[in-house]
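K.L.:
please find the sequence and the predicted model below.
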Amino acid sequence: MAATQMQTDIPTPQDATDTVKKDWPGRWSNMNKFLDRRGPFCDSGFIPGHGEDILLNQCRILVIGAGGLGCEILKNLALSGFKEIEVIDMDTIDVSNLNRQFLFRQSDVGSPKAKVAAEFIMKRVAGVKVSYYYGKIQDKDEDYYLGFHLIICGLDSVEARRWINATLVNMVQDDPERIRVLIDGGTEGFKGQARVIIPTITSCYECSLEMLSKPTSYPICTIANTPRLPEHCIEWASVLQWPKLRENEKMDTDDPIHIQWLYETALARAKEFDITGVTYSLTQGVVKNIIPAIASTNAIVAASCCNEAFKIITNSQPYLNNYMMYTGNEGVYTFTFEHQKKSDCPVCGIQNISVEVKRDITVEDFIDFLKEKPDIQLKKPSLTKASTNEKIYWQSPPFFEQKTRPNLEKKLSSIVEEGDDILITDSSLPISLTVKISYV
Amino acid sequence: MNIDKKTQKYDRQLRLWQASGQLALETSKVCLINGTATGCEILKDLILPGIGSFTVVDGERVDGSDAGINFFLDADKIGSSRAQAVTELLQELNEDVKGYHFVEDPVVLIENQPEYFLQFTIVIATELHEKFLLKLAEILWNAKVPLIVVRSIGFIGYFRIVVPEHTVVETHPENVVDLRIDTPFPAIEKYAKNLDFDSLDDTDHAHIPYVIILLKYLDQWKREHDGNLPKTYSEKKEYQSIIARGKRTIDEENFGEALTNAWKACTPNKITREIQEILNDPACENITTKSSSFWIIARAIRDFVTNEGQGLLPLAGSVPDMKSDTTGYITLQTIYRQKAKEDAAAVRARVNDILISIGRTTDFIREEEIDSFCKHAAYIKVIRYRSLQEEYISDPKKSEINRWIQDPQENIIYYVLIRAIDRFYESHQRYPDAATFFNGDNSEEAASEESTTEFKELKTNIQSMLEEWKITNSPEHLDDFIHEMCRAGGSELPNIAALMGGLVSQEAIKLITHQYIPINNTIIFDGVKSTSSTYVL
Ligand SMILES: [Zn+2]
């Protein structure tokens, strides 16, 4: 693997003796039973007796996210014997994290998650080095990601996961040496999943985009004219009233005073229409799009991710191929299966996507169609005609946006002929895809 | 209004089990037997959401291997009391939770002072072997205190819930729809009847809630068909086309919703078999001073069904969102809510009568509890568990195990192994522990005599167990699984400990809060294949 210069902050533990503290007798005895002994299900690459020295000491693992999953992942990796870990997270600690993010205390509220988590692990588990980066994954380049053996991702953001997935797939460039395994975990209430992605070999995150449940959205006309649910009143307050009444102020959903204003505004509207059920907590839930989260599910999914990492690195058991779904609200249910690679996946596929649209569709409607299409779901697509490089519509830079804006009203068929390819890019994702157009 | 600190801290979980679930958690007392890595992970995931208190009962001293795999220990604690050491570090997780430790061998406590365990809301036992486990299970069973038995060996995790009965009102089904289209109650029937579709302008017509559309046309159908609902396929199709003909324009969304829901609307609303079984249960029939509030309310509901309910459960009272203008929707919602209130009042009156008849005061059951029961009546759940005594001694599930064990997709083989390992432990006071599987091509690896004996002995244990259960077909690849268990040597792996921590804490939370549906009764997780299986054993 490529030796890479790391530009990260490696904190010095407060108690310097921690890092030099020698392993004590029996420390690794549990793990060594598996690392020193062959088993009937072992991977063929397994060599007994080499686990602790060769695999664990020289392996570098990157953990993306120091939240509910991240705290668990860091603990599990450190206890499993991984010695070099790095963690990235751009968030600071909030009081609502404390019900599950067990490396944080009340006094840590406001501090960077990555820093507090890294320091806690080093304080508790002797001899492990956890470096951290307090910032975005997008700040880092391919060389940085190549510097790790394996990457475990415990994020709650779809966007960030699409970004890291596409980055790791693009990074391979037909060179198997550049493959870095990605283990991805996710949770929502009592549900979650763990999966192993071997870029370009197995199905990737983008291949399974259609499996994501669609976020609830409320039509503007309902919010404005015929509210029925408390959620409609809250959306009215945040989407319509805030821009109107507090025009020059940016809404900050972490600011309790802002939430209070939205709550009161929504409540007044609800009263006017006899709608019940607007509460402070619901207001917060709707405007921040809060997903319920508990310690148990995080523990299950993170442990499953780390179990796979341990098996992959040590060859001590076969690893997951490639997806485990978990549901815990009614009994305990897991579904383990091989998610299939999609040949027309925008990230790892080899085949172009073909779409059929109506002949009279406008460029603007076509862009909306791309945003909505479950297997594409782009945020801000920019369109270029592949055969001529003609810009159909570009979201940025502003100069091109302005120049191509008049095209939005035009019919797509006046620019792109039947069977032509459109090149689509999105500034928020390292993705470019080619779409073949046919009209019906 | 300002939100207090505790509500902020627990916000993400309150959205799953609300204040009532949180209150149950905060008043619970959890006992952990043995401060193993798995046990501490379970406690961690219970302390974080805020149980009332936890107590670790453990007579062991911390050794090097404990300190290696347990996050709530470190090297400085080697040689000190394990109960005390883990309690100290677990306590740091949540200042709202009280932590206690009891330095005593649980086995001695079970022998000499078993009533000690009756003070807890729930007892979780790790690393407790068959003989004392059975004894503890019996004591707790008689006192109706839930017990969760947990084992974690190598890549395998196992747990079993033991309690005579567990009842759940708030099962949290994903979609609760109870609209009574086929059997409308008078208020909604009248409202639908009085709404004259023809007199509405186009905007209003496009905003009639689909419930009213269904009721209107079903009423028309019934009048033309001697009061019968559409039954056959073609009748249902006909009903759908009558609705479709009512559309004024092609894109009236409300009519679209009506068509989507038409099929369900003409399926007669009946009490499901599962709920009927609960209502017919002897516990519902024979109400005494010992009856729990669950059974008292269930009985009141049963009486409601046969009287004012006219064969139906109390109405849930919620209305899903649908295309409608505000007034139309709110009116509809009010009609359903009003009827639900009337039903709940009738049930409340019956509950009070029952309470008085058994000599209790009416404040024994809170109004909110009755209201919630009425709301969830169609989804309540009763689980009667089998005792450990039945499973191990008087009535093992021989034929089921025989059937499951033939399927390589099942994890039941590990159940057999865990039970056999327990027998091995009983005779040796240690786990089978040796490298027994070798790569034939590699001359450096060779079986030692010791490892051959270890393998053979565990295999003998398994074979005698299979014989007892009259399982004559030896399961496929049995030797491989034995090798794997000898390799594990009774070890605990941090990842499996953490995973079991998540699963067991989740089930403990369900048992404590009486919300969501716990497993019945055994789970085996296989970390090699990343699969889990549930068995009634
Ligand atoms: Zn893909």
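P.N.:
On my side now, so go ahead.
K.L.:
pLDDT value on residue A:7, please?
P.N.:
pLDDT recorded at residue A:7 is 37.
K.L.:
tally up the residues packed near the closest residue to residue A:405 other than its chain neighbours, please.
P.N.:
Leaving out its chain neighbours, the residue that sits closest to residue A:405 by CB to CB, 6 or more residues apart in numbering or on different chains is residue A:393, at 7.4 Å. C-beta coordinates here come from the backbone N, C-alpha and C atoms, glycine included. With neighbours defined by other CB atoms under 10 Å in any protein chain shown, the count for residue A:393 comes to 22.
K.L.:
just residue B:236 next, same as before
P.N.:
Neighbour number of residue B:236 under other CB under 10 Å is 17.
K.L.:
and if you look at residue A:427?
P.N.:
Neighbour number of residue A:427 under other CB under 10 Å is 14.
K.L.:
just give me the longest strand of chain A.
P.N.:
strand A:429-439 (DSSP state E).
K.L.:
which residues does the residue nearest to residue A:405 contact?
P.N.:
By CB atoms under 8 Å, 6 or more residues apart in numbering or on different chains, residue A:393 lies in contact with A:363, A:367, A:382, A:383, A:404, A:405, A:407, A:408.
K.L.:
which of those are buried?
P.N.:
Buried members of the contacts of residue A:393, counted by 16 or more other CB atoms under 10 Å in any protein chain shown: A:363, A:367, A:382, A:383, A:404, A:407.
K.L.:
pipe those residues into CSV and attach secondary structure per row.
P.N.:
Formatted as CSV, the buried ones among the contacts of residue A:393 follow (DSSP: H, G, I helix; E, B strand; the rest coil):
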residue, secondary structure
A:363, helix
A:367, helix
A:382, strand
A:383, strand
A:404, helix
A:407, helix
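K.L.:
what is the nearest of those to residue B:27?
P.N.:
Residue B:27 lies nearest to residue A:367 out of the buried ones among the contacts of residue A:393, by CB to CB, at 55.1 Å.
K.L.:
correct me if wrong: that closest one contacts residue A:379.
P.N.:
No - counting by CB atoms under 8 Å, residue A:367 stays clear of residue A:379, with 10.9 Å between them.
K.L.:
contact partners for residue A:203?
P.N.:
By CB under 8 Å, 6+ apart, the residues touching residue A:203 are A:197, A:322, A:339, A:340, A:341, A:342, A:345, A:348.
K.L.:
relative to residue B:239, how far out is it?
P.N.:
Here residue A:203 is placed at a distance of 44 Å from residue B:239 (CB to CB, to the nearest Å).
K.L.:
pLDDT below threshold where in chain B?
P.N.:
Scanning chain B for pLDDT under 70 picks out B:1-3, B:440-447.
K.L.:
domain map for it?
P.N.:
Domain assignment for chain B, taken from the TED database, gives B:5-164+B:492-535, B:186-265, B:273-321+B:349-383, B:405-488.
K.L.:
quick check, distance from the second one to the centre of its chain.
P.N.:
Distance, stretch centre to chain centre, for domain B:186-265: 39 Å (CA atoms, centre = their mean, to the nearest Å).
K.L.:
show the end-to-end separation of that domain, please.
P.N.:
17 Å (CA to CA, to the nearest Å).
K.L.:
on that earlier part again, packing partners of the longest strand of chain A?
P.N.:
helix A:158-172, strand A:353-357, strand A:421-426 (3 or more CB pairs under 8 Å, 6 or more residues apart in numbering or on different chains; DSSP states H and E).
K.L.:
which one of the domains of chain B lies closest to the ion?
P.N.:
domain B:5-164+B:492-535 (21.1 Å; CB to the ion).
K.L.:
for the longest strand of chain A, what is the distance to the chain centroid?
P.N.:
23 Å.
K.L.:
that strand versus strand A:353-357: what angle between them?
P.N.:
Strand A:429-439 runs at 50 degrees relative to strand A:353-357, counting by axes from the mean of the first three to the mean of the last three CA atoms, to 10 degrees.
K.L.:
just checking: what are the partner strands of strand A:429-439?
P.N.:
Partners of strand A:429-439 in the sheet, by DSSP bridges, are strand A:353-357 (parallel), strand A:421-426 (antiparallel).
K.L.:
and that strand, which residues are buried?
P.N.:
Within strand A:429-439, the residues scored as buried using 16+ other CB under 10 Å are A:429, A:430, A:431, A:433, A:435, A:436, A:437, A:439.
K.L.:
what about the residue nearest to residue A:150 when sequence neighbours are not counted, how many residues nearby?
P.N.:
Nearest non-adjacent residue to residue A:150, counting by CB to CB, 6+ apart: residue A:181, 4.9 Å away. Counted with other CB under 10 Å, residues neighbouring residue A:181 total 21.
K.L.:
tell me how far residue A:181 lies from residue A:151.
P.N.:
Here residue A:181 is placed at a distance of 7 Å from residue A:151 (CB to CB).
K.L.:
again, but for residue B:102
P.N.:
43 Å.
K.L.:
now do residue A:64
P.N.:
Going from residue A:64 to residue A:151 by CB to CB gives 7 Å.
K.L.:
anything in contact with each of the two?
P.N.:
residue A:164.
K.L.:
rewinding a little: do I have it right that the residue nearest to residue A:150 meets residue A:201?
P.N.:
No - the criterion here is CB under 8 Å, and residue A:181 misses it with residue A:201 at 9.3 Å.
K.L.:
if we can go back for a sec, and the strands paired with strand A:429-439 as CSV, adding mean pLDDT and mean neighbour count?
P.N.:
Formatted as CSV, the strands paired with strand A:429-439 follow (pLDDT from 0 to 100; neighbours: other CB atoms under 10 Å in any protein chain shown):
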stretch, mean pLDDT, mean neighbour count
strand A:353-357, 89, 14
strand A:421-426, 90, 20
